Each structure stands twice: as C-alpha cells, then as structure tokens.
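A.B. asks: A predicted structure for the sequence below; I have some questions about it.
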Amino acid sequence: MTFLGIDVGGTKVALQTDGGTQSRSAVFPWPRTSSVADDLEALTRNVRALLDGTEQPVEAVGVAMPATVGADGLVTTWPGRPSWTGLDLRAALRSLFPRSAVHWADDGDLAALAEADEADCPDVAYLGVGTGVGGGIVLDGRLCPGTARGSCEVGHVVVDPKGPRCDCGRRGCVQAVASGPATLRRAGHLRGRPVAFAELRDGLHDEHDWAVTAIGESCDALAVAIVNLNELVRPALVLIGGGFADGLPGFAGTVAERAHALSRPGHPVAQVRAASLGGLSSLRGAVLLARGTHPG
C-alpha cells in the first residue's frame, strides 16, 4: 500500500510517499498570487506529478495544516494565506483524492506525534519555536486532545497576562513572548536598533547583555508554559524544536534549566531537551497520520 503525507506551509508544501516499492518526495513553493484557486491548482499539479507512475493507488493521505480548521471542515483562519479563509478543506481534499481516506491535523500536533515516535516515548510535549510557537501533546502514543476535538494550542498558553499582545488579540501568550519575531523585536529594543537573527545568535555567543536578556525572557516564557503543562498532563519528555530554537546553540538547555528551577518538591518537571527531526517533523507526522499511527 502507498500512503501520502502533505505538509502545508505558509510559503511552500512538502510531499512524501511511504510504502510501495520506493518512497518519493517533493517540495514546491506556493504561487506568488494569494488566490486559493491558484494554490489548489498548484497542489493538484504537484501531487499528480509525484504520484505519476506509482504502481499502487494511495490508500490514505495525511495532511499537516497550519490553518485553523473547524469540525465542519471549513478553514476558519490562516494569517499566512488569508484567501483560504472559508475554504471547504474537506471537499477540496476529497476532490483531489476521491479514492483515498484523507485526514488532516494541526501541523504542531503532527510534529509532536513524529517527535514522540522518533524518541520512542509515548508521553511527550513538543514546542516548536519559529515564526510562531506551535506544538502538541502526545499521551499514551495518541494526540491530545485528538484531531476530532481540535488542536493543542501550546502557543496560546498565557504566561504573562500583562505581556505583549499576541496575534490572537490576547496578551501574554507564550507565542507573543517567545517566538522568533517577538525575541528579535525585544533584542532590537534593548540594543537600540533592529536586530537580524544572525546578529542575535552572534550576540548570544559573545554574551552581549541585549542578546542574553532578550533570549532569556523567551526561555522564561517557555519554561513557565512547560511547568504548566507538566502540572496538567505529566509528560515523560518535553522537546523543544522549530527553526528559531534550532538555530540558537544551547537554547533548549537554557529552557530546561529554567523549567527545572520552577519545579516544586515532589513534582519534578519532565526532562527537557532539543527535538530531533528539525524541519521534517510535521511531514513525518503527516505520513504517520496517513498510516493510521493515530486513529484520529
């Protein structure tokens, strides 16, 4: 049997088959236009090119989505590609894959599923720190709360009710404090001029106060979120990933130190370390979803 994973991103889409005689993969950018019709045409064209000549039909498809999708299959919001708002995702995928079982889930949830599988650990909390803060929770090998009941919005755990305003409109979400753009803005404010990522990384290496302080506040916010998750679901392992976190040496270790400093007697915080799969986590999770590792 052949299974297909699709990782839908804001600027590009990754595809991967699993099973059959040979695995295939491809990556393509979204069209420069923001038309949902053009996006779906590009998705259809690239999927057909990938599957051309495959010996077996696609049994099931798993899709990692950054958009918020309601229980009715309609896209509620996607700031990265606003033209998708209102799209009937279920109908669009059925049209593209009429003979296959199709499932979708939040890309952060599926990244958590893949990282848990890679770590061979059934109880994992994953936080992906990049343009935003995403992630998910896996308990007993299953996504929590499960795809039928929506995604696990780790990035919108409130860590400071008087903190900076989040894109969601609320104040103090961990995403508003610890995401890459939020950290760079804070670093720029402390330094007195805009700061690029490479400058932030070098400033951290050279132990400049503005860089250490800006990154430290992000690590504090993530530590608070982790401690809260630890009190609620008791994961055995917490993994820190995402492009921003991956690019800063020692970032996950600092988060671990600060999270463990917040533990209370008799209730140690789970082990915290860097994730393993990097940018492949959501795609790997989409394949697992297609394969039925998560029965969602």
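C.D. replies: Done, it's in.
A.B. asks: every contact and neighbour count from this point should use C-alpha atoms.
C.D. replies: Will do.
A.B. asks: for the host helix or strand of residue 188, packing partners?
C.D. replies: Here residue 188 is covered by helix 180-191, with elements defined by DSSP states H and E. Helix 180-191 makes packing contacts with helix 174-178, helix 197-205, helix 209-233 when contacts are defined by 3 or more Cα pairs under 8 Å, 6 or more residues apart in numbering; DSSP states H and E.
A.B. asks: kindly recompute the last result at 7 Å.
C.D. replies: For helix 180-191, the elements it packs on are helix 209-233, judged by 3 or more Cα pairs under 7 Å, 6 or more residues apart in numbering; DSSP states H and E.
A.B. asks: following the chain onward from the helix it packs on, which element is next?
C.D. replies: The helix or strand immediately downstream of helix 209-233 is strand 237-241, counting by DSSP H and E.
A.B. asks: what residues does that next one touch?
C.D. replies: 123-129, 252, 270-275, 278 (Cα atoms under 7 Å, 6 or more residues apart in numbering).
A.B. asks: need the buried ones from these selected in PyMOL.
C.D. replies: Selecting only the buried entries of the contacts of strand 237-241 in PyMOL, with 16 or more other Cα atoms under 10 Å as the criterion:
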select buried, resi 123+124+125+126+127+128+129+252+270+272+273+274+275+278
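A.B. asks: widest-spaced pair of the contacts of strand 237-241?
C.D. replies: With distances taken as Cα to Cα, the most widely separated pair in those is 270 and 278, at 21.0 Å.
A.B. asks: break this protein down into its domains, please.
C.D. replies: Here the domain parsing of the chain from automatic domain parsing is 2-99, 110-278.
A.B. asks: how long is the first one end to end?
C.D. replies: From the first residue to the last, domain 2-99 extends over 12 Å; the measure is Cα to Cα, to the nearest Å.
A.B. asks: between the domains of the chain, which gets nearest to residue 286?
C.D. replies: Residue 286 lies closest to domain 2-99 among the domains of the chain, at 4.6 Å (Cα to Cα).
A.B. asks: average pLDDT for the closest one?
C.D. replies: Mean pLDDT, domain 2-99: 91.
A.B. asks: how distant is that domain from the center of its chain?
C.D. replies: Here domain 2-99 shows a centroid-to-chain-centroid distance of 17 Å under the convention Cα atoms, centre = their mean, to the nearest Å.
A.B. asks: flag every buried residue along the host helix or strand of residue 48.
C.D. replies: When elements are assigned from DSSP H and E, residue 48 belongs to helix 36-51. Across helix 36-51, burial judged by 16+ other Cα under 10 Å covers 36, 39-40, 42-43, 46-47, 50-51.
A.B. asks: most widely separated two among the residues you listed?
C.D. replies: Maximum distance among the buried residues of helix 36-51 (Cα to Cα): 22.4 Å, for 36 and 51.
A.B. asks: contacts made by the helix holding residue 48 with the rest, please.
C.D. replies: Applying Cα under 7 Å, 6+ apart, the contact partners of helix 36-51 are 30-31, 83-84, 96.
A.B. asks: go again with 6 Å.
C.D. replies: 83-84 (Cα atoms under 6 Å, 6 or more residues apart in numbering).
A.B. asks: ok so, going back, including distance to residue 238, could the buried residues of helix 36-51 go into a markdown table?
C.D. replies: Shown next, in a markdown table, are the buried residues of helix 36-51 (distance: Cα to Cα, whole Å):
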| residue | distance to residue 238 |
| --- | --- |
| 36 | 36 |
| 39 | 35 |
| 40 | 36 |
| 42 | 36 |
| 43 | 34 |
| 46 | 35 |
| 47 | 34 |
| 50 | 35 |
| 51 | 36 |
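A.B. asks: list just the nearest of these to residue 163.
C.D. replies: Looking across these and measuring by Cα to Cα, the closest to residue 163 is residue 36, at 34.8 Å.
A.B. asks: please state the backbone phi and psi of residue 66?
C.D. replies: phi -80, psi -10 (degrees, to the nearest 10).
A.B. asks: residue contacts, it?
C.D. replies: Residues near residue 66 by Cα under 6 Å, 6+ apart: 106-107.
A.B. asks: skip the chain neighbours and tell me the closest residue to residue 226.
C.D. replies: Leaving aside its sequence neighbours, residue 226 sits nearest to residue 259 (Cα to Cα, 6 or more residues apart in numbering; 6.7 Å).
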